[in-house]
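[1] what's the 3D shape of this:
(chains A and B)
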Protein chains: 2
Amino acid sequence: MDIDPPEVLKNPLTVTTKLLMGPGPSSCSPRVLQAIMDDIKEGIQYAFQTKNELTLAISGSGHTGMEAVFSATVNIVSSKPGVSLKLSEIANAIERVKPKLLFIVQGDSSTGVLQPVDDLGPICPSLCAVPFDMDRWGVDAAYTCSQKILGAPPGLAPISFSPKARDVILSRKTPVPVYYWDMTLLGRQWNCFDGNRIYHHTVSANLLYGLREGLAIIADEGLEHVIQRHGTCAKRLYHGLEKMGFKLYVEQDDDRLCSVTTVSIPEWIHWDDVVLYLRRQNVTISGGLGPTAGKAFRIGLMGYNATLQNVIYLLNVLQEAIDYVKLLKISKL
Amino acid sequence: MDIDPPEVLKNPLTVTTKLLMGPGPSSCSPRVLQAIMDDIKEGIQYAFQTKNELTLAISGSGHTGMEAVFSATVNIVSSKPGVSLKLSEIANAIERVKPKLLFIVQGDSSTGVLQPVDDLGPICPSLCAVPFDMDRWGVDAAYTCSQKILGAPPGLAPISFSPKARDVILSRKTPVPVYYWDMTLLGRQWNCFDGNRIYHHTVSANLLYGLREGLAIIADEGLEHVIQRHGTCAKRLYHGLEKMGFKLYVEQDDDRLCSVTTVSIPEWIHWDDVVLYLRRQNVTISGGLGPTAGKAFRIGLMGYNATLQNVIYLLNVLQEAIDYVKLLKISKL
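    Below you'll find the model as predicted:
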């Protein structure tokens, strides 16, 4: 790790109670918020392992990260669902298309595939559940969402640009078409350039508190340990599922994304009944999405939820559900 | 009032605790959220006094409302700061420019001016502190933010489109350039059209809870009473300020926006010292913005804060601050 956990995130957050009689928002003083924004910036730099100055959180869902980074005519390079792209496949596509930008998804939550991205230097969404070394890998732009590994409420998208990407943004000849994610302005609101902080839009104080806390927890635990914990939990889950007779959707161990496990829907049991039983126990797992729709179900182990206790509890409830559905079938005969 | 307070907002919100093992977000079940989204839709319809089906909240600050509604070459019609536009001035500008869209700010928080918008049928941001009858006035699109009169955390922008505006959106020949506020998709996520709800982006559950509660409080109190309360508080504030020797920045009573009062910075006292004293008492008021920068200070009375108790407390602390600064000056002599 090149970037150490920020000192500022080791202090608990204190917010003074104020009578807010200014013309809105009805939230805490800008000075408090600015301090939190600075803390968050350092937290994201740590999570992404980068010293990039242009590092901030967009006020929006993870999707906004993508829209803020680029708008382009896209040539898609796809792999077989459940298998990651080989470096040679990417290299060939680059040779063929000669793109201005290379965009890669590190962790694909629809298939549960982990795509190796080191040594590519692309734009890519980051994860924190697996190593992501933005500076070392020469990544020009990275974004993520707040509500998965970071464990904060959804609504903010951490994003970071390399000095090279920043220079491209600052030397644009046409204005950024969308005000809401114009980095030349957002960067000033987040104090990423020299000069005074400006007002760009009302950032949600509540979400900032949450994101700061999520980043503080990661800084406190240490990124290495967070990554290790997610890996350990995933391995325990794989083992338990396979022992119960399930088949993991992603065959190669290296291709598996530890934070989202995709499992082929078994034919030996009426799966909808299993899901129904789990739901009655207030345990939510998800169906497939896109290429895995109708083919796999998905189990997430993220942030605060990624504990061995939760894995074992889930496996037990799953076994219970299977036993129940089998009994149900017998009683119907 | 044509639109009554929604029945659904009279029930308190109950959320079951669940073990979330799906592939993120780490938030409550989609079914719970969808119910809340439906409640919010009804709450916005009540606040805007509209039956528009295409009514939802964008996941972003109030500014996103504007960007989601239009992108246009703009001809600006400005009034003298502190004075609202006359209907004839607007009519003349329409005659001259023949615009496709008319955009009007009902309450300008930088100058504290209330612009009459009834009978114009424009696009406009709504307030809830003053009457706003979207359907009766024939407004085609309206938006607001969550953190002012609605008293919810910032991060969601309630927005509504008339059937006519919806038809324009749905019959576009070019795709909406920004995915994040593509109403053809957002409208489906918010169940505003017939058919199945789709996933568009991860809406912040926490913000939805807050907005639902803010709208429920307004439904509970009743829009008429909310409007009356803001008016009463503002009048008490005007009276108190004038008695203390302050001059309201907006001269005409009809032009005054009850939720944001702009006050000319007095020359008979060192104003910065007054602000400093207030800040030490944890009372925040704001300086001017744009045309009022350096000329006026601004006092907001919004939502939960708009009570006579708060007005009287503020006036007392302000008097204390003035007395203190005067004493300070004497002791320096």
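[2] residues of the longest helix seen in chain A that come out buried?
    Scanning chain A for the longest helix, with DSSP state H as the assignment, gives helix A:308-332. Using 16 or more other CB atoms under 10 Å in any protein chain shown as the test for burial, helix A:308-332 gives A:310, A:311, A:314, A:315, A:317, A:318, A:321, A:322, A:325. For the C-beta atoms, the positions are set from N, CA and C on the backbone; glycine is no exception.
[3] pull the residues that contact that helix.
    Helix A:308-332 is contacted from outside by A:232-233, A:236-237, A:240-241, A:244, A:269-270, A:273-274, A:277-278, A:281, A:283, A:285, A:299, A:301, B:19, B:21, using CB atoms under 8 Å, 6 or more residues apart in numbering or on different chains.
[4] now, of these, which are buried?
    So, by 16+ other CB under 10 Å, the buried ones in those are A:232-233, A:237, A:240-241, A:273-274, A:277-278, A:283, A:285, A:299, A:301, B:19, B:21.
[5] where in the stretch 101-250 of chain A is pLDDT low?
    A:119, A:121-128 (pLDDT under 70).
[6] now the helices for it?
    According to DSSP state H, counting those that start in this stretch, the stretch 101-250 of chain A carries its helices in the segments A:163-170, A:183-189, A:205-221, A:223-243.
[7] ok now the first one, how far from the chain's centre?
    Relative to its chain's centre, helix A:163-170 lies at 24 Å (CA atoms, centre = their mean, to the nearest Å).
[8] number of nearby residues for residue A:259?
    Residue A:259 has 28 neighbouring residues, counting by other CB atoms under 10 Å in any protein chain shown.
[9] what of residue A:157?
    Residue A:157 - counted by other CB under 10 Å - has 25 other residues nearby.
[10] quick one: contacts for it?
    By CB under 8 Å, 6+ apart, residue A:157 lies in contact with A:57-58, A:60-65, A:68, A:143-146.
[11] near chain B too, which of those residues?
    Under the cut-off given by CB under 8 Å from any CB of the partner chain, chain B has A:60, A:61, A:62, A:63, A:64, A:145 from the contacts of residue A:157 close to it.
[12] need the contact partners of the helix or strand encompassing the fifth one.
    If I follow you right, that is residue A:64. Element membership for residue A:64, per DSSP states H and E: helix A:62-69. Helix A:62-69 is contacted from outside by A:58, A:103, A:123, A:125, A:141, A:143-147, A:154, A:157-159, A:178, A:180-181, A:183, B:178-180, B:201-202, using CB under 8 Å, 6+ apart.
[13] please give the centre-to-centre distance between it and its chain.
    12 Å.
[14] for the helix or strand just after that helix, C-alpha coordinates in PDB please.
    Next along the chain after helix A:62-69, taking DSSP H and E as the criterion, comes helix A:87-97. Backbone C-alpha positions of helix A:87-97 (Å, rounded to 0.1, in the frame of the first residue of the first chain) are rendered in PDB as follows:
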ATOM      1  CA  LEU A  87      -5.200  -9.400 -21.600                       C
ATOM      2  CA  SER A  88      -4.500 -10.500 -25.200                       C
ATOM      3  CA  GLU A  89      -8.200 -10.000 -26.100                       C
ATOM      4  CA  ILE A  90      -8.100  -6.500 -24.800                       C
ATOM      5  CA  ALA A  91      -4.800  -5.800 -26.500                       C
ATOM      6  CA  ASN A  92      -6.200  -7.000 -29.800                       C
ATOM      7  CA  ALA A  93      -9.300  -4.900 -29.500                       C
ATOM      8  CA  ILE A  94      -7.100  -1.800 -28.700                       C
ATOM      9  CA  GLU A  95      -5.000  -2.600 -31.800                       C
ATOM     10  CA  ARG A  96      -8.100  -2.900 -33.900                       C
ATOM     11  CA  VAL A  97     -10.200   0.100 -32.600                       C
END
